[in-house]
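Asks: quick one, structure for this:
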Amino acid sequence: ESLGEALRRLCNDVPWGAWRRPLMVWMPMVFLAAVISVCLALVVHRQWSDHEHLAYPIAEFTATLLERRDDRAFGTVFYNRIFWAGFVPVFLLRLNNGLCMWFPDYLIPVKMTLSFSPFSKVFPWVMDVPMAGWSLLNVTLYPLAMAFAFLVSSEISLTLGLTQILWALAAWPMVKVGIDLSTDYGLGGWSAWQRVGSYLAFSLMLLYAGRQYYGEVLTKALRFWRRHESDDGAVRACRLALLSTLAMVVLLARLGLEWPYAVITVGLIILSFVVVSRISAETGLFFIHARWQPFAALLAMVGGYSLGLTSLVVAALACMVLSFDHSQFLMAYLGNGLKIGQRLGLSAALLSRLALGMYVVGALLALVIALAATYADGTPVECGFSYWQTPKMPFQAADSEMLRLQATGQLEEVLEKPWPQRLGGLRPDATFVW
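Replies: Okay, here's the model as predicted:
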C-alpha cells in the first residue's frame, strides 16, 4: 500500500467518535495554557532581559552557535580551537557509549556513574534522608551540565553543587528525631510544601522587583478603551493572558471544580510556569522539576472536607494535563527563544505569535500521530511512571481522601453541602502549615 493509504488506514483505526468529548474538554485548556505561557513570556521579557539583565545561559549558548561572519559558511564558534578541544572528547565518549548498546561484544563503555555506595556502611544515616542518600552516593557525570556551569555566575554554580549535601546535613537531625520528610510526587509531603512556600516567596520577590514595570503594563492592559504606545506587544499580551486565565477558570468550573478552587488551581499552575521559567533564565538549568503539584498544594491548604472529592479529582486531572512535567513548560522554552531573537534583532511580539502558531500545529499533529500509533501498536509501557503512576494519581488522591472522610463520618456532608457551607471545616495539613 502507498504512504497515503497507510496514513488513512492508521487514522481510520482511531475511534474519533469516542475521543470527541475528551478532546473537546481538554484541548481548549491545553491551548489556553499555551496562550497564557506565550503571553506571560512576552510580558516578563523586557523586565528580565533589559531591566534585571538576567544571564540567560541557554540562550547565550545557542546564540553563540548561531553567530556567523559574512565571509564564513559556519558559525564563529566552529572556528575556535577551544570549542573543538571540548566538543570532540565528549562527542566521542557519547558515540562510544551509544554504539556499545548495539555492539556490546566489541566495544567497552565509558562509565559515567561513580558509585560510592560502600560508604553507606560507614555513614548509614545518609540513606535515611529522602532524596539524598542514593543520589549522593551514586554520582552521575553530565558533561553538558558541567559546561553550563561555566556560563552562569559562580554563586549559582556553587549553590547548585552544595545544595544536595547541605540538604542531607540539615535533614538528618530531623529524620533522627522522627520527623517524616517523605514526599510523594503527586500528593506532596513535608519537603514538597517547603518548595511550595519557596515558589510563593520567589514569585512575590519577582513581583516586587518589577512592580513598576508590571504595574504600568497591567494598568494599560485594563484600560483597553485607551490607545497606548507600543510596548513590543506586552500590553496586548497581558490583556490576552488575563482573558485566557478567566476562560480557563470558567472551563474548570464547568467541569465541577468549584470556582474559588478553580481560581487557586489556575493561579498555582501559572505561578509554576513563571517561577520555572525564571529559574531557567537565571541559572541555565535545562531540566527542572519542582516536585509539587498545584492540586496537592490546594488539598493541603484547605483539607479534603472543604475541597470536596469532585473538585479534588478535577483539579488533579487539570494538573496532570497542564502542569505535571515542569521540565517541559512552554514558557521556559519561549523565554530563552525571545532572548535569542533579541540578540538577532527580531521582534519579540512576532516571535511570540509564530511560536504560538507552531505550538498549535505541533500539538494537533502530535495528537493525531500519538493516537494513531497507540491504536496501531499499543500503548508504550517502557516509561513505567507515565504508564502506571500518572493516570492513577488523581483517583488515588480522591480514594485516600474518601476513605478518611468516610472513617470520620463526614463523607455524606461533603457530597451534599455546597462549598460555602464546607468552609467551616477548612483544615490545613499540619505539615503544610509548619
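Asks: can you pull the pLDDT of residue 13?
Replies: Looking at residue 13, its pLDDT reads 85.
Asks: how about the strands in this structure?
Replies: Along the chain, the segments classed as strands by DSSP state E run 113-115, 138-140, 183-184, 188-189.
Asks: any chance of those in a markdown table, plus mean neighbour count, distance to residue 106 and mean pLDDT?
Replies: Glycine gets a C-beta too; all of them are placed from N, C-alpha and C. Listed next are those as a markdown table, based on neighbours: other Cβ atoms under 10 Å; distance: least, Cβ to Cβ, whole Å; pLDDT from 0 to 100:
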| stretch | mean neighbour count | distance to residue 106 | mean pLDDT |
| --- | --- | --- | --- |
| strand 113-115 | 10 | 22 | 87 |
| strand 138-140 | 11 | 25 | 85 |
| strand 183-184 | 18 | 44 | 82 |
| strand 188-189 | 22 | 47 | 84 |
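Asks: mind listing what residue 236 touches?
Replies: 221, 349 (Cβ atoms under 8 Å, 6 or more residues apart in numbering).
Asks: repeat that for 7 Å
Replies: Listed by Cβ atoms under 7 Å, 6 or more residues apart in numbering, residue 236 has no contact partners.
Asks: which of the helices and strands in this protein ranks last by mean pLDDT?
Replies: helix 384 (a mean of 72; mean pLDDT, DSSP states H and E).
Asks: can you tell me how far residue 355 sits from residue 264?
Replies: Applying Cβ to Cβ, to the nearest Å, the value for residue 355 to residue 264 is 28 Å.
Asks: same question, residue 153
Replies: In this view, residue 153 and residue 264 are 35 Å apart by Cβ to Cβ.
Asks: and these two? Which one has more around it.
Replies: Using other Cβ atoms under 10 Å, the more surrounded residue of residue 153 and residue 264 is residue 264, with 20 against 13.
Asks: report pLDDT for that one.
Replies: With respect to pLDDT, residue 264 scores 95.
Asks: again with the one 4 residues further on
Replies: What the model reports for residue 268 is a pLDDT of 96.
Asks: list the contacts of it.
Replies: By Cβ under 7 Å, 6+ apart, residue 268 lies in contact with 294, 297, 298.
Asks: please state the offset of stretch 106-122 from the chain centre?
Replies: Offset of stretch 106-122 from its chain centre (Cα atoms, centre = their mean, to the nearest Å): 31 Å.
Asks: skip the chain neighbours and tell me the closest residue to residue 99.
Replies: residue 107 (5.6 Å; Cβ to Cβ, 6 or more residues apart in numbering).
Asks: run a quick neighbour tally on the one you found.
Replies: Residues contacting residue 107 under the criterion other Cβ under 10 Å number 15.
Asks: so it makes contact with residue 100?
Replies: Yes - between residue 107 and residue 100 there is a contact at 4.6 Å, judged by Cβ atoms under 7 Å.
Asks: which residues do the two both contact?
Replies: When contacts are counted by Cβ under 7 Å, 6+ apart, residue 107 and residue 100 have no shared neighbour.
Asks: follow-up on the earlier one: can I get the contacts of residue 268 in JSON lines including pLDDT and neighbour count?
Replies: Shown next, in JSON lines, are the contacts of residue 268 (pLDDT from 0 to 100; neighbours: other Cβ atoms under 10 Å):
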{"residue": "294", "pLDDT": "93", "neighbour count": "24"}
{"residue": "297", "pLDDT": "92", "neighbour count": "27"}
{"residue": "298", "pLDDT": "93", "neighbour count": "23"}
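Asks: which of those residues fall within helices?
Replies: Among these, the ones falling in helices (DSSP state H) are 294, 297, 298.
Asks: what's the distance between residue 56 and residue 76?
Replies: Residue 56 sits 19 Å away from residue 76, going by Cβ to Cβ.
Asks: more neighbours: those two, which one.
Replies: Here residue 56 and residue 76 are compared on neighbour count by other Cβ under 10 Å; more neighbours surround residue 56, at 26 against 14.
Asks: who are the neighbours in contact with that one?
Replies: Here residue 56 is in contact with 281, 336, 339 (criterion: Cβ under 7 Å, 6+ apart).
Asks: about what we covered before: state the phi and psi torsions of the residue nearest to residue 99.
Replies: phi -120, psi 160 (degrees, to the nearest 10).
Asks: that one and residue 113, how far apart?
Replies: Between residue 107 and residue 113 the computed distance is 18 Å (Cβ to Cβ).
Asks: now swap in residue 214 and tell me
Replies: Separation of residue 214 from residue 113 (Cβ to Cβ): 44 Å.
Asks: so what's residue 321 closest to, chain neighbours aside?
Replies: Going by Cβ to Cβ, 6+ apart, residue 321 has residue 26 as its nearest residue, at 5.4 Å.
Asks: with that, I have no additional questions.
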